[in-house]
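Colleague: need a structure here:
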Amino acid sequence: MPINFIPNDPLASKFNRPQSRLQLKNRSAARAGFEFGNIGRPKLYAVSDLRFLQWQVRQAALSALAAFESIDGAPLKRWASGKTLGIQYLAGRDINAYYNGEDLVFCQAPDGPGIRFTGASTDVVAHEVGHAILDALRPDLWAIEYLEVAAFHESFGDCLAILTALADPEIRAHITTHGGLGGVNLVETWGEHLSWLAGDAPRQARNSEKWSLPDKNDEYHDYSQIFTGCFYDLIRSQFEAGTRSAANLWKAAQSAGKLLFVAARAAPPTPRFYQAVGRAMALQAGQGTALKAAVDAAFERHGITLGSSAITASKAKIAGAIKKEKSRNFTLTPAAMADLRNRMGADDAAPSYVRKVRFGPHEMAEARFTRTVPLHLPNFPANSATNIPESVLVRAVGAMPARGRGASVELMSALPDAVAIDQEVNDFVASLRKRGQLQLAPNATVAHPRSYAARGAVASGGGGILQAEMPDPGVTHRLIKGQGGPLLERIRFSCACHRTPRR
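Modeller: The predicted structure follows:
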């Protein structure tokens, strides 16, 4: 049955008005899905009707997930929190939308004497679905308090919104006949209506933002535009290298999206996460290929030198051995883990985690140790801290032997710089506080199940009760009562931000 559907954003230059579209089919029970609730029968509802909003959100969410799966090549089977995500269509009056780990939440945005629905924008819905998809691929990223990790989460949402738009044949046809990707357009401009209601300029993927070391003056939504610019430039370069056709535009989008999704799974969580993801994309593209050259050029344009070959150059020999298990995962022997603990200065009791990663043809293991970073900020509760994973890459020397037998181990990445990490984490938390994104008063006794330890495959001991969400959706973090003092945790990824010019 047909429904009214806005394919892009209510204030985009085109595709900003409802069109009659056939409703998308429900997801099968074997795939990750949504809980849309009782939204009535499909019909061409007026945009002022709540049932229009419900069908709009449903169509946009399913379109975004379909765009991801068509590029990734496999169905998404579950979210980080389970088989289905809840949908909240009208969660209070606020110029906002957010993903809280279990629901996609949209608000009623005041617009003078009237009300606008933030869920009426396919851009906004696709962005929130992007958060949920990345959370499913990499649940550990939820609570890693590096600015580049948080900014990448926002960028991933914007990148999925771009891919969702380009998956629409009518939008692709419009782009190819109206100037391509070189100028300002509805695909690279994100969330026009939500941004302008908030008094901000929309984020734009077509930009000249340059990377610089993040500090306490950076806001991670703004900082996200650097990576989004790299991704958009990669699509644009691939498109412009071929025929200016709608088919080639989709091929370019698929190529860039595939690299992004593979790299998002593989990149180790470091303060320089943009470079880590870019390197993984370059290695996946293949040494000596035109695609790799395009990846390098796209990141270079935004001030990020990848040097992807650095990942394949050994740094040192490690004691012990690396093994391949029946599950095809890698493990490190106690001697290898002890050597890495010593080199990284990890406490003997620090939780550890090893996972197998692939960078193009290169199979490696990422070894992590969790470290508590003190938060030394003015007027902060005493003994405040956050848990941060510090990781290195290792690989087998030569071919991996048969299962059960170990191979010698080589260190493939630089050791973490604890002093630099402590400074960056404190700067990020200072940025959150400066913009009202952090609630200081500890209000829970233990970390809830969305904490880093619970989501990063590292047990921290103890359970917890999830507190009722705070009324201000712009707050993304809070302090909880940990065993040694207040502990920082993330509660949501929120669209609300206050734009500040980047240096």
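
Colleague: Residue 484: neighbouring residues, count only.
Modeller: Close neighbours of residue 484, defined as other CB atoms under 10 Å, add up to 11. For the C-beta atoms, the positions are set from N, CA and C on the backbone; glycine is no exception.

Colleague: What strand or helix carries it?
Modeller: Using DSSP states H and E, residue 484 sits in no helix or strand.

Colleague: Next, find the distance separating it from residue 372.
Modeller: 8 Å (CB to CB, to the nearest Å).

Colleague: Overlap of the contact sets of the two?
Modeller: Both residue 484 and residue 372 are contacted by residue 385, under the criterion CB atoms under 8 Å, 6 or more residues apart in numbering.

Colleague: any idea how far residue 211 is from residue 303?
Modeller: 4 Å.

Colleague: Report the set of residues contacting both of these two.
Modeller: residue 226.

Colleague: more crowded one of those two?
Modeller: A side-by-side neighbour count of residue 303 and residue 211, using other CB under 10 Å, places residue 211 first with 20 against 15.

Colleague: Surely the more buried one is in contact with residue 278?
Modeller: No: using CB atoms under 8 Å, residue 211 is not in contact with residue 278; the gap is 10.1 Å.

Colleague: joint contacts of the two?
Modeller: Each of residue 304 lies in contact with both residue 211 and residue 278 under the rule CB under 8 Å, 6+ apart.

Colleague: Tell me how far the closest residue to residue 476 other than its chain neighbours lies from residue 393.
Modeller: Leaving aside its chain neighbours, residue 476 sits nearest to residue 437 (4.7 Å; criterion: CB to CB, 6 or more residues apart in numbering). As judged by CB to CB, residue 437 and residue 393 stand 32 Å apart.

Colleague: Residue 485 is in contact with residue 382, correct?
Modeller: Yes: between residue 382 and residue 485 there is a contact under CB under 8 Å: 6.6 Å.

Colleague: Neighbour count for the two, which is higher?
Modeller: residue 485 (16 against 6).

Colleague: For the more buried one, give me the pLDDT.
Modeller: We have a pLDDT of 92 for residue 485.

Colleague: my read: it touches residue 375, true?
Modeller: No: taking contacts as CB under 8 Å, residue 485 lies outside contact range of residue 375: 9.4 Å.

Colleague: shared neighbours of these two, which are they?
Modeller: Counting by CB under 8 Å, 6+ apart, the residues touching both residue 485 and residue 375 are 384, 385.

Colleague: What's the separation between the closest residue to residue 176 other than its chain neighbours and residue 169?
Modeller: Spatially, and ignoring its direct neighbours in sequence, residue 176 is nearest to residue 246 (5.0 Å; CB to CB, 6+ apart). For residue 246, the distance to residue 169 equals 7 Å [CB to CB].

Colleague: These two: which is more packed in?
Modeller: Neighbour count, other CB under 10 Å: between residue 246 and residue 169, residue 246 has more, with 18 against 11.

Colleague: contacting residues for that one?
Modeller: When contacts are counted by CB under 8 Å, 6+ apart, residue 246 touches 169, 172, 173, 175, 176.

Colleague: Which residue ranges of the stretch 51-200 of the chain form helices?
Modeller: Under the criterion DSSP state H, counting those that start in this stretch, the stretch 51-200 of the chain contains helices at 122-137, 147-166, 169-177, 192-197.

Colleague: per-residue confidence for residue 306?
Modeller: Residue 306 is given a pLDDT of 96.

Colleague: That one contacts residue 296, correct?
Modeller: Yes: Residue 306 lies in contact with residue 296 (CB under 8 Å); the separation is 5.6 Å.

Colleague: any residues in contact with both of those two?
Modeller: If you check residue 306 and residue 296 against CB under 8 Å, 6+ apart, the residues they both contact are residue 282.

Colleague: out of those two, which sits in the busier spot?
Modeller: Using other CB under 10 Å, the more surrounded residue of residue 306 and residue 296 is residue 306, with 25 against 21.

Colleague: On the three-state scheme, that one is what?
Modeller: coil (DSSP: H, G, I helix; E, B strand; the rest coil).

Colleague: For it, which residues are in contact?
Modeller: With the criterion set at CB under 8 Å, 6+ apart, residue 306 makes contact with 275, 278, 279, 282, 295, 296, 299, 300.

Colleague: do the same with residue 321
Modeller: Residue 321 touches 332, 333, 335, 336, 406, 407, 408, 409, counting by CB under 8 Å, 6+ apart.

Colleague: going on from the lowest-mean-pLDDT helix or strand in the chain, what's the next piece of helix or strand?
Modeller: Across the helices and strands of the chain, mean confidence by mean pLDDT, DSSP states H and E is lowest for helix 452-455: a mean of 42. Using DSSP H and E, the helix or strand that follows helix 452-455 in sequence is strand 477-481.

Colleague: isn't residue 433 right up against residue 378?
Modeller: No: assessed by CB under 8 Å, residue 433 is found out of contact with residue 378, at 9.4 Å.

Colleague: Among these two, which residue is more densely surrounded?
Modeller: Per other CB under 10 Å, whichever of residue 433 and residue 378 has more neighbours is residue 433, with 19 against 6.
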